[in-house]
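Undergrad: Quick one: sequence plus predicted model below, questions after.
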Amino acid sequence: MKPVRKVEGRAYPWGAKNIDTDIIIPAHWLKTISREGLGRGAFETVRAEPGNIFDDPAYAGSPILIAGENFGCGSSREHAAWALKDMGIIAVIAPSYSDIFAGNAFKNGIVAVVLPQEAIDRLIEVARTDQVTIDLETMTVTTPFQDRFAFEMDPFRRDCLMQGLDEVGLTLARDTVISKFESMVAKERPWIGKESGDAGLVVEGSGRT
């Protein structure tokens, strides 16, 4: 997962409320287990409408989506986060999110910023013509017009996003500690390795099978 410290660029000034995961990525796209290509199906029903915002050349490739409250509600499909990431969206700004979607977004390196509706309204106005900047260092969303909106984020999630650590990365980062623990267990409680070995398992660091 790539580190995310700052996201800046054009933003989709959408603002739609109660967007569920079926709108983000329709169910018939869930047959794949690959994350690649899901961007083509993102917001498929919205894109079927003439003049929709996602096919407007002015916002092509925008890394930020500005949405309304309760974004990502509905089913828990992780494909919703995959689809957003595949279409190039790195951050979403909304008044609130489904808890499950917020968790899936975080695990896939998508910044989910929570701001009040007044700030959302202003950012939508700005995004129609100018860029928006999200800075995880300063925990602010800013515009070229001196707008500055502070937001909060769980410190653990913020740190993981800034370091580019997903669940696998977090485990690998603790490799030295895990190896030391396994070595300690092998020396102080060797019978654990023996019993595991009798079951045909391998205990890392014990030298027993």
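TA: Good, I have the coordinates. Just so we're clear, the structure is a prediction, and the values are computed from it rather than from any experiment. Numbering: from 1, shown residues only.
Undergrad: contacts and neighbour counts: CA atoms only from here.
TA: OK.
Undergrad: separation between the nearest residue to L165 once chain neighbours are set aside and L161?
TA: The shortest distance from L165 to any residue other than its chain neighbours is 6.2 Å, reached at M1 (C-alpha to C-alpha, 6 or more residues apart in numbering). Relative to L161, M1 is positioned 8 Å away (C-alpha to C-alpha, to the nearest Å).
Undergrad: Looking at the two, which has the bigger crowd around it?
TA: Neighbours per residue (other C-alpha atoms under 10 Å) separate M1 from L161, with L161 holding more: 23 against 15.
Undergrad: Tell me which helix or strand that one sits in.
TA: L161 belongs to helix 155-163 when elements are defined using DSSP states H and E.
Undergrad: Flag every buried residue along that helix.
TA: Within helix 155-163, the residues scored as buried using 16 or more other C-alpha atoms under 10 Å are R157, R158, D159, C160, L161, M162, Q163.
Undergrad: So what touches it?
TA: K2, P3, V4, R5, F106, G109, V111, L136, D166 (C-alpha atoms under 8 Å, 6 or more residues apart in numbering).
Undergrad: related to what we said a few turns ago, the residue nearest to L165: what's it in contact with?
TA: Contacts of M1 were listed using C-alpha under 8 Å, 6+ apart, and they are N108, G109, G164, L165, D166.
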